[in-house]
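In: structure, please.
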Amino acid sequence: MIETIVSFAEPPVVEVVAGVAFDGVDPELGPLLAAFWKEHLRSAFPVLEQQPPYSPPVEHFPLGGASSRLSLNLDTFLTPRIWAKSGDGDRVLQLQPGYFACNWRKVGAGGEYDRWPRRRSDFAHYFSLLSEFLATEGGGEPKVTQCEVTYVNHIRPGEPWADLSDFGNVFAISIKPAESYPLEQASIQAEYLMLDQGEPYGRVHVKVLPALDRIGKTPLYVLELTARGAPRSGGAAGALTFLDKGREAIDQLFVNLTTRAMHLEWGVQE
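Out: The predicted structure is shown next:
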């Protein structure tokens with residue numbers, strides 16, 4: 001069951017990524033991934049792009065207190081990623097030995113986010129297809145070791161704010177003003193723990209960055225939230241459970257970190 005924590009009349013989301021790192025497969029899967037695309041994806045994702053390999057960070061929670069340090073395994077995932085894109089470019093599947101992700105991106109001005117249940121359904125469908133294909137073709141059966149879900153939001157000027165110096169009108173984060181030195185803009189980076197009975201099992205990484213729109217050169221704030229951690233079990237069901245919890249944590253943090261004025265602007269309903 002997927003519970004909707006927060007709904008938006010006009011969500012500021014421009015990209016959503018649901019991904020998993022996994023082991024238990026042949027690290028030289030390039031040809032099999034190409035065959036998987038040809039047999040199962042080409043009709044819905046006809047455009048292929050090659051991207052640099054991605055080495056997913058791993059969250060650690062050492063005894064004696066949580067640490068935000070991440071480990072990067074640079075000895076694996078050296079095969080380039082394949083991006084399989086839909087014709088309009090708004091959906092992407094990322095394929096790489098040891099990593100799979102399902103993206104939605106707002107490519108055109110008319111693009112509209114189609115909500116988490118659809119993103120979840122697409123991830124479950126295509127990851128199951130990939131797992132079955134690899135097991136059948138002798139490539140091994142993926143065992144999920146790490147999950148991550150990311151939401152990227154572009155917060156544009158409106159009634160509550162007009163300039164990047166209006167940070168306090170957008171975010172419910174206190175930045176102490178200085179009378180002789182007015183704020184021009186601000187960026188934030190923070191980590192929040194995901195807890196189960198007091199024990200950390202995941203972490204939400206939050207970034208706030210000032211930016212300018214590429215076309216109109218108007219100001220905007222980019223709010224990126226990524227929930228990442230290890231699932232309770234290594235199959236698709238365990239991955240979906242973590243992704244649901246990660247999306248819930250992102251929803252709650254988004255609301256807590258932004259102002260009531262912005263909630264009214266977006267038509268937020270809790």
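In: for L95, see how far away F242 is.
Out: Plainly put, F242 is 20 Å away from L95 if you go by C-beta to C-beta, to the nearest Å. Using the backbone N, CA and C atoms, a C-beta is placed for each residue, glycine as well.
In: strands along the protein, start to end?
Out: Using DSSP state E, the strands assigned to the chain run over residues 13-25, 47-51, 58-59, 70-71, 81-85, 91-96, 99-105, 140-155, 188-196, 199-212, 219-229.
In: so which elements touch the last one?
Out: Other elements packing on strand 219-229 under the criterion 3 or more C-beta pairs under 8 Å, 6 or more residues apart in numbering; DSSP states H and E are strand 140-155, strand 199-212, helix 236-257.
In: and of the ones you listed, who's closest to P117?
Out: helix 236-257 (10.2 Å; C-beta to C-beta).
In: quick one: distance of that closest one to the chain centre.
Out: Helix 236-257 has its C-alpha centroid displaced from the chain centroid by 10 Å (C-alpha atoms, centre = their mean, to the nearest Å).
In: could I get the helices and strands packed on strand 219-229 as a markdown table with mean pLDDT?
Out: A markdown table is the format used below for the helices and strands packed on strand 219-229 (pLDDT from 0 to 100):
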| stretch | mean pLDDT |
| --- | --- |
| strand 140-155 | 95 |
| strand 199-212 | 96 |
| helix 236-257 | 96 |
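In: redo those as JSON lines? Include distance to N103 and mean neighbour count.
Out: Converted to JSON lines, the helices and strands packed on strand 219-229 look like this (distance: least, C-beta to C-beta, whole Å; neighbours: other C-beta atoms under 10 Å):
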{"stretch": "strand 140-155", "distance to N103": "9", "mean neighbour count": "21"}
{"stretch": "strand 199-212", "distance to N103": "18", "mean neighbour count": "17"}
{"stretch": "helix 236-257", "distance to N103": "13", "mean neighbour count": "19"}
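In: G229 is nearest to which of these?
Out: strand 199-212 (2.7 Å).
In: tell me the angle of that closest one relative to strand 140-155?
Out: Put simply, strand 199-212 runs at 50 degrees to strand 140-155, going by axes from the mean of the first three to the mean of the last three C-alpha atoms, to 10 degrees.
In: and strand 199-212, what does it pack against?
Out: strand 188-196, strand 219-229, helix 236-257.
In: dump the residue contacts of E59.
Out: By C-beta atoms under 8 Å, 6 or more residues apart in numbering, E59 lies in contact with L70, Q146, G202, R203, R228, G229, A230.
In: let's see it at 6 Å
Out: E59 sits next to R203, R228, G229 when contact means C-beta atoms under 6 Å, 6 or more residues apart in numbering.
In: from E224, how far off is the closest residue in space to E159 that isn't next to it in sequence?
Out: The shortest distance from E159 to any non-neighbouring residue, by C-beta to C-beta, 6 or more residues apart in numbering, is to E265 (6.0 Å). In this view, E265 and E224 are 19 Å apart by C-beta to C-beta.
In: who's more crowded, the two?
Out: Neighbour tally, E265 and E224, criterion other C-beta atoms under 10 Å: the higher count belongs to E265, 22 against 15.
In: isn't that one up against G158?
Out: Yes: here E265 reaches G158: they are 4.9 Å apart, a contact under C-beta atoms under 6 Å.
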